[in-house]
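*Asks:* Task: produce atomic coordinates for the following.
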Amino acid sequence: MKTKLLALIPLLVLQCLVLTAMPVVAQESPRPGGVLKVAMIGEPPSLDLHSTTAVITQQITWHVYETLYTYDKNLSPIPMLAEGHAIADSGRRYTIALRKGVRFHNGKEMTSADVVPSLKRWGRVGSVGRVLWKYVESVDAKDPYTVVISMKQPSSSLLYGLSEPHAAIYPRESIEAAGDGQLKEFIGTGPFRFVEHRPDRHIKLARFKDYSARSEPPSGFGGKRTAYFDEILFLTVPETAVRLAGVETGEYHHAMFIKQDSYERIKSLPGLESRIVKPRGWAVAVMNHKSPIMSQKKIRQAFQAALDMEPILVAGFGSREFYRLDPGVFFPEQPWHSTASARLYNQKDKDKARRLLKEAGYAGQPLRWITTREYEFMYKNALVGKQQLEEVGFTVDLQVVDWATLNNRTEKPDLWETFSTGFVFSADPASHVALRCTFNGWWCNEEKERLLVELQGESDLKKRKAIIDRIQTVFYEDVGSVKIGDYFTLDAARRELRGDFRTAPRMYFWNIWLAK
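*Replies:* Model prediction:
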């Protein structure tokens, strides 16, 4: 019965996760040592992976924390901290064997006494965890190296959820110390250990000398992970131009989210590599369904009808090499891609928007749109979107803040009507952030929730696709949020950075080293 669920759910390989402009380099032996310097877009809102969906937190901390499962090169779940599992009771009981001898960074061995409270906390506070935990009956320790998860009903999403970086395993003592709040210490089992966080400067990680690596060859995010660097510095560099200049001079080895209009320049510089992350995500204006203004369906529909997406995408991403117009909640590269209700995407119908505002009795109340310059595309998308909305009669109060403040402020429904973000790749359709009632915006449509329950229990690919078509129809008709378009981002790296690492769809720095 082991891994039976994976046989029931054929996941097509995501064909177009492309890393471009990668030179062919001669085979060379990895060189341990050195300090890797990575220029990030800003400060993470938290280093507690359970408590946030912020990608920047995941990008940093999954070098520190690990999960029971992760994704292989085909984006299918494979064991990480787990040794394997068996499924019984018609898919309602998962017995998971844990690897023995895995050490936390404090020297303690990981056992079920850590895994059980970690999973329970994630199910209580994590966005994906809360979605899955509606179907979980119990999580129990059978013995120190065995965990049993009992389900209320079979779920096609459990192993996918346990593969997400946010389902991190922490020491029991860390969870107890956190109580109902955030983690006070950052201890995991990963190849790098947390050293220090100097706000607005850097987060420092160091090689964990007692790391318990898997023996299998690397595959996707799984298999053997090796920490070659002595240290990794994740540096806070909010200015895009400074990130690029730093890579050019050698101050940084890798820089995130470079302006796309720098693409040709990067290609011309012999010391740099350009990396297009395709697909990276889709740009979105998230609707606040708890706001007195945006809780009105006709106002959300007016917002959706007013926007002409191409000028917004051009402002944010420039060349068509870095964006595409597409209505799908899921990418065309995925088996879940849908064109349902495509007529409601990119309507650019100002007359319809004005009519809907009039019918809603909108009287010019300020619509607070929160955005940030740290992700430059978000600010530029919002700037053009504001102009288009004001043309049809909206009053838009554009609030530009840093990324950490945006994440914190949008936790409070009385402070905003819409905010800018990007929804990144999700392997499991039933847990996509755009569809979660628990995500900031609180889109809790009754029909959508019923369809998600149906999707959770369905393993047949064609039937799942039919359910997704229906969910996407509800997404557009009820205006869960407003999709702007797919985007592909540009990273830059020094050529001396070596190894088998990817920036699509997720960046990591294990199995990577610096050439002499």
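*Asks:* show me where the stretch 351-500 of the chain has helices.
*Replies:* Listed in chain order, the helices found in the stretch 351-500 of the chain under DSSP state H, counting those that start in this stretch are 376-391, 403-409, 446-457, 461-478.
*Asks:* Now do Cys16, the pLDDT please.
*Replies:* Note for Cys16: predicted pLDDT of 40.
*Asks:* actually Arg275, not the one I wrote
*Replies:* At Arg275, the pLDDT recorded in the model is 86.
*Asks:* Beta-bridge partners for it, please?
*Replies:* With DSSP bridges as the criterion, the beta-bridge partners of Arg275 are Asp491.
*Asks:* Which among the helices of the stretch 351-500 of the chain is found nearest to Asp200?
*Replies:* Comparison of those against Asp200 by CB to CB identifies helix 403-409 as nearest, at 9.6 Å. Just so you know, the C-beta spots here come from the backbone N, C-alpha and C atoms, and that holds for glycine as well.
*Asks:* quick one: buried residues of that closest one?
*Replies:* By 16 or more other CB atoms under 10 Å, the buried positions in helix 403-409 come out as Trp403, Ala404, Thr405, Leu406, Asn407, Arg409.
*Asks:* same thing with stretch 64-78?
*Replies:* Along stretch 64-78, the positions that meet the burial threshold by neighbour count (16+ other CB under 10 Å) are 64-73, 75-78.
*Asks:* Which two among those are spaced furthest apart?
*Replies:* Using CB to CB, the two most remote members of these are Val64 and Ser76, lying 24.3 Å apart.
*Asks:* how long is stretch 494-508 end to end?
*Replies:* From its first residue to its last, stretch 494-508 covers 15 Å (CA to CA, to the nearest Å).
*Asks:* Disregarding residues adjacent in the polypeptide, which is nearest to Leu235?
*Replies:* Closest residue to Leu235 in three dimensions, ignoring its sequence neighbours and counting by CB to CB, 6 or more residues apart in numbering: His202, at 4.9 Å.
*Asks:* All the strands of the stretch 1-150 of the chain, residue numbers only.
*Replies:* Using DSSP state E, counting those that start in this stretch, the strands of the stretch 1-150 of the chain run over residues 18-19, 35-40, 69-71, 77-79, 82-88, 93-98, 136-143, 146-151.
*Asks:* what helices or strands is the longest one leaning on?
*Replies:* This points to strand 136-143. On a contact count with 3 or more CB pairs under 8 Å, 6 or more residues apart in numbering; DSSP states H and E, strand 136-143 meets helix 112-125, strand 146-151.
*Asks:* Of all the ones you listed, which one is nearest Gly246?
*Replies:* helix 112-125 (35.4 Å).
*Asks:* Tell me where the stretch 151-300 of the chain has helices.
*Replies:* Secondary structure of the stretch 151-300 of the chain (DSSP H, counting those that start in this stretch): helices at 158-163, 172-178, 240-249, 263-268, 297-306.
*Asks:* what's the first one packed up against?
*Replies:* In terms of contacts (3+ CB pairs under 8 Å, 6+ apart), helix 158-163 is packed against helix 4-8, strand 69-71, strand 77-79, helix 127-133.
*Asks:* returning to what we had before: redo the helices of the stretch 351-500 of the chain as a markdown table? Include distance to Val139 and mean pLDDT.
*Replies:* Converted to a markdown table, the helices of the stretch 351-500 of the chain look like this (distance: least, CB to CB, whole Å; pLDDT from 0 to 100):
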| stretch | distance to Val139 | mean pLDDT |
| --- | --- | --- |
| helix 376-391 | 37 | 97 |
| helix 403-409 | 28 | 94 |
| helix 446-457 | 17 | 93 |
| helix 461-478 | 26 | 96 |
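*Asks:* Tabulate those in TSV, adding columns for distance to Arg498.
*Replies:* Supplementary listing: the helices of the stretch 351-500 of the chain in TSV, determined by distance: least, CB to CB, whole Å:
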stretch	distance to Arg498
helix 376-391	29
helix 403-409	30
helix 446-457	41
helix 461-478	38
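*Asks:* Out of the ones you listed, which gets nearest to Pro332?
*Replies:* helix 461-478 (13.4 Å).
*Asks:* Name the residues that touch that closest one?
*Replies:* Applying CB atoms under 8 Å, 6 or more residues apart in numbering, the external contacts of helix 461-478 come out as 9-10, 156, 297, 300, 304, 327-330, 335-336, 338, 340-341, 344-345, 429, 434-435, 443, 445, 447-448, 451-452, 454-455, 458, 480-481.
*Asks:* what about 6 Å?
*Replies:* Outside helix 461-478, the residues that touch it by CB atoms under 6 Å, 6 or more residues apart in numbering are 10, 329, 336, 338, 340-341, 344, 429, 445, 447-448, 451, 454-455, 458.
*Asks:* Then stretch 200-214?
*Replies:* Taking contacts as CB under 6 Å, 6+ apart, the residues outside stretch 200-214 that touch it are 60, 63, 101-103, 105, 191-193, 195-197, 223-225, 227, 230-236.
*Asks:* do stretch 167-174 as well
*Replies:* Stretch 167-174 is contacted from outside by 49, 65, 67, 81, 104, 113-115, 117-118, 122, 183, 185, 187, using CB under 6 Å, 6+ apart.
*Asks:* between those, which is closest to Ala382?
*Replies:* Looking at the contacts of stretch 167-174 and their distance to Ala382, the nearest is Leu49, at 27.5 Å (CB to CB).
*Asks:* And the residue lying closest to the closest one once chain neighbours are set aside, what's its pLDDT?
*Replies:* The shortest distance from Leu49 to any residue other than its chain neighbours is 4.5 Å, reached at Ala168 (CB to CB, 6+ apart). At Ala168 the predicted local confidence, pLDDT, stands at 97.
*Asks:* what about Ala168, distance to Ala430?
*Replies:* Relative to Ala430, Ala168 is positioned 20 Å away (criterion: CB to CB, to the nearest Å).
*Asks:* quick one: contacts for Lys259?
*Replies:* With contacts taken as CB under 6 Å, 6+ apart, Lys259 has the following neighbours: Thr240.
*Asks:* Quick check: buried residues in stretch 453-462?
*Replies:* If you call a residue buried by 16+ other CB under 10 Å, then stretch 453-462 has these buried ones: Glu454, Leu455, Gln456, Glu458.
*Asks:* Pull the contacting residues for the closest residue to Pro217 other than its chain neighbours.
*Replies:* When the adjacent residues along the chain are set aside, Pro217 lies closest to Gly223, with 5.3 Å between them (CB to CB, 6+ apart). Under the criterion of CB under 6 Å, 6+ apart, the contact list for Gly223 reads Arg214, Glu216, Pro217.
*Asks:* now, which of those lie within strands?
*Replies:* Using DSSP state E to define strands, no part of these is located there.
*Asks:* Pick the most buried one from the helices and strands packed on strand 136-143.
*Replies:* Mean neighbours per residue, mean count of other CB atoms under 10 Å, is largest over the helices and strands packed on strand 136-143 for helix 112-125, with a mean of 21.
*Asks:* May I have the phi/psi pair for Arg201?
*Replies:* Dihedral angles of Arg201 (phi, psi; degrees, to the nearest 10) stand at phi -130, psi -70.
*Asks:* On the pLDDT front, check it for me.
*Replies:* The predicted local distance difference test score for Arg201 is 95.
*Asks:* can you tell me how far it sits from Arg300?
*Replies:* Between Arg201 and Arg300 the distance is 40 Å, computed by CB to CB.
*Asks:* same thing with Glu43?
*Replies:* Distance of Glu43 to Arg300, computed by CB to CB: 31 Å.
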